[in-house]
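Novice: Give the three-dimensional model of this entry:
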Amino acid sequence: MLKQFPSKLLMLCAFLVFIARAYQFYFFGAPFRAIFWDESLLSPIVEGIFNYTWYDYASSQTTNMWIEKFTKGCSVLFLISGCLSLFWQNIKWIRFKKVILGTSIFFLVFLGICMVKDKNYDILQFFELSIQIIVPLILYLNPDLSKVNSRALMLWLKISIVLTFVPHGLFAMGLIYVPGHFIDMTIKIIGLTETQSILFLYIVGFLDLLISVLIFFPKVAKYAVGYAITWGFLTAFARLASGFNAHFFWPSIHNYTYLVVYRLPHGLIPLIVYLLLPKTQTLTKKLVLNDN
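Specialist: Take a look at the predicted model:
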């Protein structure tokens, strides 16, 4: 069974994802136009079913207005889902909260698809959202967290860590390409040169890949998870640290804090794994002894 504190952290993680995405969608929008303005994808529907020319659809103020309303609607939905997640155990309307949360998870997945499309079909963009999608999914599949099997939960959380950290590591090492904002953040925060930043990112990228393997080995899992906790929080707060300007305090908070908030689970989920490790390892030893 899942102890109370880890379950509360799990609910907090889902809340942070939804509340920050709600803020993002309301104030900054979402990359939905990557799909809604894709002529090759939507022109058969627009021209064949609705009898509009693609030019009329794409240049229409009405179309743009509906996309903005859709984005704002998703923001409200995420806000409600965040509140449901935070009080998941106290809300007894199982069907209601599963419908709301399930719909929000669908739009998180749709967000990931739009991000992939917006970044020239870079599939790693989607997998970097793994923790942010899997955590709400765990709540959706478990209306009562007190009945969750700790070993099964541990496996899901480890998978979410791997799916999040591996793409980050591949990007940082430059095995596909090094995102420019990775280099910019490293230069601004640590003060390295561009060449030094690339080397630094290569090292931490390699460590991301290494811990993604080591967390499955019981003898070293706690050290790998400890690194994931530290690096998860550091990379989250790096967004605010790199963009913060004391002369524009409130605009800096407004523009960058939400980027930190929906990444906080990247450190909190490894923390939950760390808290569950002693219990799951004890259960594993008991099962081995019983088998013998």
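
Novice: need the helices for this structure, in chain order.
Specialist: Applying DSSP state H to the chain gives helices spanning 4-28, 33-36, 39-48, 54-59, 61-86, 94-118, 124-127, 130-141, 150-173, 180-190, 194-214, 221-243, 249-261, 265-291.

Novice: could I get these as a markdown table with mean neighbour count and mean pLDDT?
Specialist: Every C-beta, even on glycine, is put in place using the N, C-alpha and C of the backbone. Rendered in a markdown table, the data for those read as follows (neighbours: other Cβ atoms under 10 Å; pLDDT from 0 to 100):
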| stretch | mean neighbour count | mean pLDDT |
| --- | --- | --- |
| helix 4-28 | 21 | 94 |
| helix 33-36 | 16 | 92 |
| helix 39-48 | 13 | 88 |
| helix 54-59 | 14 | 88 |
| helix 61-86 | 17 | 95 |
| helix 94-118 | 17 | 95 |
| helix 124-127 | 18 | 88 |
| helix 130-141 | 22 | 95 |
| helix 150-173 | 20 | 93 |
| helix 180-190 | 16 | 92 |
| helix 194-214 | 17 | 95 |
| helix 221-243 | 19 | 94 |
| helix 249-261 | 15 | 95 |
| helix 265-291 | 17 | 73 |
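
Novice: Check the gap between the residue nearest to Pro167 when sequence neighbours are not counted and Thr63 for me.
Specialist: In space, and not counting its chain neighbours, Pro167 is closest to Leu124: 3.9 Å by Cβ to Cβ, 6 or more residues apart in numbering. Leu124 sits 30 Å away from Thr63, going by Cβ to Cβ, to the nearest Å.

Novice: tell me the contacts of the residue nearest to the spatial centre of the chain?
Specialist: Centroid-nearest residue in the chain, with Cα atoms, centre = their mean: Gln132, separated by 2.9 Å. Shown in contact with Gln132 (Cβ atoms under 8 Å, 6 or more residues apart in numbering): 17, 21, 108, 262, 265.

Novice: which one of those is nearest Ala34?
Specialist: Taking Cβ to Cβ as the measure, Ala34 lies nearest Leu108 of the contacts of Gln132, at 15.4 Å.

Novice: surely Leu157 meets Val273?
Specialist: Yes. Using Cβ atoms under 8 Å, Leu157 is in contact with Val273, at 5.1 Å.

Novice: still on that earlier bit, Serialize the contacts of Gln132 to JSON lines and add fields for distance to Val99.
Specialist: Below are these laid out as JSON lines (distance: Cβ to Cβ, whole Å):
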{"residue": "Val17", "distance to Val99": "18"}
{"residue": "Arg21", "distance to Val99": "18"}
{"residue": "Leu108", "distance to Val99": "15"}
{"residue": "Tyr262", "distance to Val99": "23"}
{"residue": "Pro265", "distance to Val99": "23"}
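
Novice: What is the nearest of the residues you listed to Pro218?
Specialist: Distances from Pro218 to the contacts of Gln132, taken by Cβ to Cβ, are shortest for Pro265, at 23.9 Å.

Novice: Not counting residues beside it along the chain, what's closest to that closest one?
Specialist: Distances taken as Cβ to Cβ, 6+ apart place Cys13 nearest to Pro265, at 3.9 Å, with adjacent residues excluded.

Novice: And the one you found, how far from Thr71?
Specialist: In terms of Cβ to Cβ, Cys13 sits 23 Å off from Thr71.

Novice: Equivalent analysis for Met65, please.
Specialist: Separation of Met65 from Thr71 (Cβ to Cβ): 11 Å.

Novice: Tell me who's in contact with the residue nearest to Pro167.
Specialist: By Cβ under 8 Å, 6+ apart, the neighbours of Leu124 are 167, 170-171, 176.

Novice: mind running it again at 10 Å?
Specialist: Residues near Leu124 by Cβ atoms under 10 Å, 6 or more residues apart in numbering: 116, 166-168, 170-171, 176-177.
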